[in-house]
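Colleague: quick one: sequence and predicted model below, then my questions.
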Amino acid sequence: MTRDRCQAVIEETAHRLIPAPPGAAEVEAARIVATLGLPLGVNPDAYSHALAEALEDLPPDLLALAGRRARTGCHWPPRPAEVRALVNDEMKRRVLVNSKARYGALKARED
């Protein structure tokens, strides 16, 4: 891959790794709670905070996808890590593509 192509991939993937704006994870957590309710015996504020914390570094599209998958695929309130796991593969793929492009750009610069 040429250095210019690597730079284009780096820019595209870096843009797709930018976390959602502050407060977006709290909104998505509230939507999950509104749809699925709370686990029995769990403090509502603590549960909502834990959900938001698990989702806060996701880009906007993956945040929305995680929420949609949780709301449509879970039969009971999920653990925060379970909601995050619904999009972990895509997030890891983005990070990997970005890393490989950075390495390719470095190698192209050396050549």
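Modeller: Yep, it's here. Numbering: from 1, shown residues only.
Colleague: starting at the chain centroid, how far to stretch 61-71?
Modeller: Relative to the centre of its chain, stretch 61-71 is centred 9 Å away, using C-alpha atoms, centre = their mean, to the nearest Å.
Colleague: can you give me the buried ones in it?
Modeller: Residues 62, 63, 64, 65, 66, 67, 70, 71 are the ones in stretch 61-71 that count as buried (16 or more other C-beta atoms under 10 Å). For every residue, glycine as well, the C-beta is placed using N, CA and C.
Colleague: alpha carbons of stretch 69-79, as PDB, please.
Modeller: The C-alpha coordinates for stretch 69-79 follow below in PDB (Å, rounded to 0.1, in the frame of the first residue of the first chain):
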ATOM      1  CA  ARG A  69     -28.700  -4.600  19.800                       C
ATOM      2  CA  ALA A  70     -29.200  -4.600  23.600                       C
ATOM      3  CA  ARG A  71     -32.800  -3.300  23.300                       C
ATOM      4  CA  THR A  72     -33.800  -5.700  20.500                       C
ATOM      5  CA  GLY A  73     -31.700  -8.700  21.500                       C
ATOM      6  CA  CYS A  74     -31.800  -9.000  25.200                       C
ATOM      7  CA  HIS A  75     -34.700 -10.400  27.100                       C
ATOM      8  CA  TRP A  76     -33.700  -9.000  30.500                       C
ATOM      9  CA  PRO A  77     -31.400  -6.200  31.600                       C
ATOM     10  CA  PRO A  78     -27.900  -7.000  30.500                       C
ATOM     11  CA  ARG A  79     -24.700  -6.500  32.500                       C
END
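Colleague: so the nearest residue to residue 97 once chain neighbours are set aside is in which element?
Modeller: Leaving out its chain neighbours, the residue that sits closest to residue 97 by C-beta to C-beta, 6 or more residues apart in numbering is residue 13, at 5.2 Å. In this assignment (DSSP states H and E), residue 13 forms part of helix 3-15.
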